[in-house]
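J.: Sequence and predicted structure below; questions after.
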Amino acid sequence: MNFLEQYNYWIVIVLMMSGFYIVIAHGNLIKKLIGLTVFQTSVFIMYISMSKVIGGTAPILNEAYKVYSNPLPHVLILTAIVVGVATTSLGLALAVRIKEAYGSVEEDVIQEKDLQQEGSQE
Amino acid sequence: MTFLKNSVSLLLNQQTIKRELLRSTVIEITINVILLALLTLTAISLAFTKDLFASVMLMGVYSLLSASFFVLMDAVDVAFTEAAVGAGISTILMLTVLAMAGRFENRALHHPRIALFVVIGTGIMLVFGTFDMPAFGDINAPVQTHVAPHYIQQSGAEIDIPNIVTSVLASYRGFDTFGEVVVVFTAVIGVLALLEMKSEEVRNSVAPAPMYQHKILRIVGKILIPPIMLFALYVQFHGEYGPGGGFQAGVIFSAAIILHAILFGVETTAKAISLPFVKVLAALGVLIYGSVGIVAMLNGGRFLEYNALAENAITGQHVGIIVIELGVGITVATAMMVIFLTFARRVGKSNGESA
């Protein structure tokens, strides 16, 4: 059992779990989005680690090279990065509207205000 | 250090590598170990800081480190995108939002012990899963034997462009990429629906103070804008031969416009690029992409079957790829501009209300 065979995947798990921890433990909505981005990037790292071939080169055809790394995960992740920033910006836009409506992006403050409003209606 | 050295040689013993490549491979794997350790350090410090400004900066560092890691893994196109998007655009977007939402988290964490317990439990289960994974860098792993050999061996003859990533992105998986472009466009519509302001609101807002009074920044920035745009065009049209393509070019082009907005103020930029026109362009990019598919159907092929675009199948592929990359570039560039400018204008609104 050689630790380098699985090292990349273990790091991916550590990164993924730090992102997960940020999402569930922090109450600030922007921090949660940062956590989601960390989580997302860890998945990118897993895909790209899988595509690597030791002794291979970047998948751009050239007569001097025979062994190339797998181009398919590269394509999937390349588009995922751009889509990722687009969806993150949508999340940030929601956070901005919440800040304007509630005066805060902290989860517990928002919940308190919601409960107050319900109480005053009854 | 000797432990690392032994592990590397053990990993390399299972592979068949040319003698002259051996030395550089050992270096590569060592850098891999160090880069991933640094990434872990950044992610863990992100979990502990309560300063959101520091978090955003750490996110930038995290993205740049992962971009370097992608270069090491031979994923040059991905690294290019991550460096432009993660370390560039996404950092600036987060900072813009921080201007509205405040810099510090003041609250206590939600049940940090339970969260830690859940996270560690999940992590341990995932680690169990990795023991069945094929070894890192193994050329006989299932992922390397499915469709990848076809792309690597046949794309030269079928598509006739050197960059395999571009062949797969634009031609073999053109349908998929079309979906991604539509998602980016949809996100723009979502951001506009949430944050777009009425013209009177724009008039009442106090635009964020531009960096105009900083003479050196202004002049150096002004000199930098044209080369950035030129570089974006190079990346756009050189994507078939080297790393690059519509996604990267779009993001880099929008970076030039965002730099202009930071230096000269949001309203000046919105006027200079005529924002309503840019919004139309975002839709036009998607339209260009989709109409390539329709033209292929009119010529008797299937949706996005580039072979039907011209007499010669190879020429058809080239035409198709250049046109759809242009569509991607236009949509991504305008999408990033519109998203940034919409956010930055909103800062002006909250400034105007508090003033």
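T.: It's in.
J.: Lowest mean pLDDT among the helices and strands, pick that one out for chain A.
T.: helix A:107-121 (a mean of 88; mean pLDDT, DSSP states H and E).
J.: again with chain B
T.: For chain B, judged by mean pLDDT, DSSP H and E, that is helix B:2-13, with a mean of 72.
J.: Just give me how far the biggest helix by length in chain A sits from the chain centre.
T.: For chain A, the helix with the greatest residue count under DSSP state H is helix A:71-102. A distance of 9 Å separates the centroid of the chain from that of helix A:71-102, by C-alpha atoms, centre = their mean, to the nearest Å.
J.: now swap in stretch B:50-64 and tell me
T.: Taking C-alpha atoms, centre = their mean, the mean C-alpha location of stretch B:50-64 is offset from the chain mean by 17 Å.
J.: again with stretch B:109-122
T.: With C-alpha atoms, centre = their mean, you get 31 Å for stretch B:109-122.
J.: how about it: buried residues?
T.: Residues B:109, B:115-116, B:118-119 are the ones in stretch B:109-122 that count as buried (16 or more other C-beta atoms under 10 Å in any protein chain shown). (C-beta placed from N, C-alpha, C; glycine too.)
J.: With stretch B:220-240 instead?
T.: Neighbour-count burial for stretch B:220-240, counted by 16+ other C-beta under 10 Å, picks out B:221, B:228-229, B:231-232, B:235-237, B:239-240.
J.: And the contacts of it?
T.: Here stretch B:220-240 makes contact (C-beta atoms under 8 Å, 6 or more residues apart in numbering or on different chains) with B:80, B:161-163, B:166, B:211, B:244-246, B:248-250, B:252-253, B:255-256, B:259-260, B:262-263, B:318, B:321-322, B:325-326, B:329, B:333.
J.: if we look at chain A, which of these are close to it?
T.: Counting by C-beta under 8 Å from any C-beta of the partner chain, B:162-163, B:250 from the contacts of stretch B:220-240 sit close to chain A.
J.: among those, which ones are buried?
T.: Buried members of these, counted by 16+ other C-beta under 10 Å: B:162-163, B:250.
J.: dump the residue contacts of the spatially most central residue of chain A.
T.: Nearest to the geometric centre of chain A sits residue A:40, at 2.1 Å (C-alpha atoms, centre = their mean). When contacts are counted by C-beta under 8 Å, 6+ apart, residue A:40 touches A:19, A:80, A:84.
J.: Alpha carbons of the host helix or strand of the first one, in CSV - could you do that?
T.: Assigned by DSSP states H and E, residue A:19 falls within helix A:3-25. Coordinates of each C-alpha in helix A:3-25 appear next as CSV, following Å, rounded to 0.1, in the frame of the first residue of the first chain:
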residue,chain,number,x,y,z
PHE,A,3,0.2,6.5,0.1
LEU,A,4,0.8,8.3,-3.2
GLU,A,5,-1.6,6.1,-5.1
GLN,A,6,-4.5,7.6,-3.2
TYR,A,7,-3.0,10.8,-1.8
ASN,A,8,-4.8,13.1,-4.3
TYR,A,9,-8.2,11.6,-3.4
TRP,A,10,-7.6,12.0,0.3
ILE,A,11,-6.7,15.6,-0.1
VAL,A,12,-9.9,16.0,-2.2
ILE,A,13,-11.9,14.6,0.7
VAL,A,14,-10.2,17.0,3.2
LEU,A,15,-10.9,20.0,1.0
MET,A,16,-14.5,18.8,0.4
MET,A,17,-15.1,18.3,4.1
SER,A,18,-13.7,21.8,4.9
GLY,A,19,-16.2,23.2,2.4
PHE,A,20,-19.0,21.2,3.9
TYR,A,21,-18.0,22.3,7.4
ILE,A,22,-18.1,26.0,6.3
VAL,A,23,-21.5,25.5,4.8
ILE,A,24,-23.1,23.9,7.8
ALA,A,25,-21.3,25.6,10.7
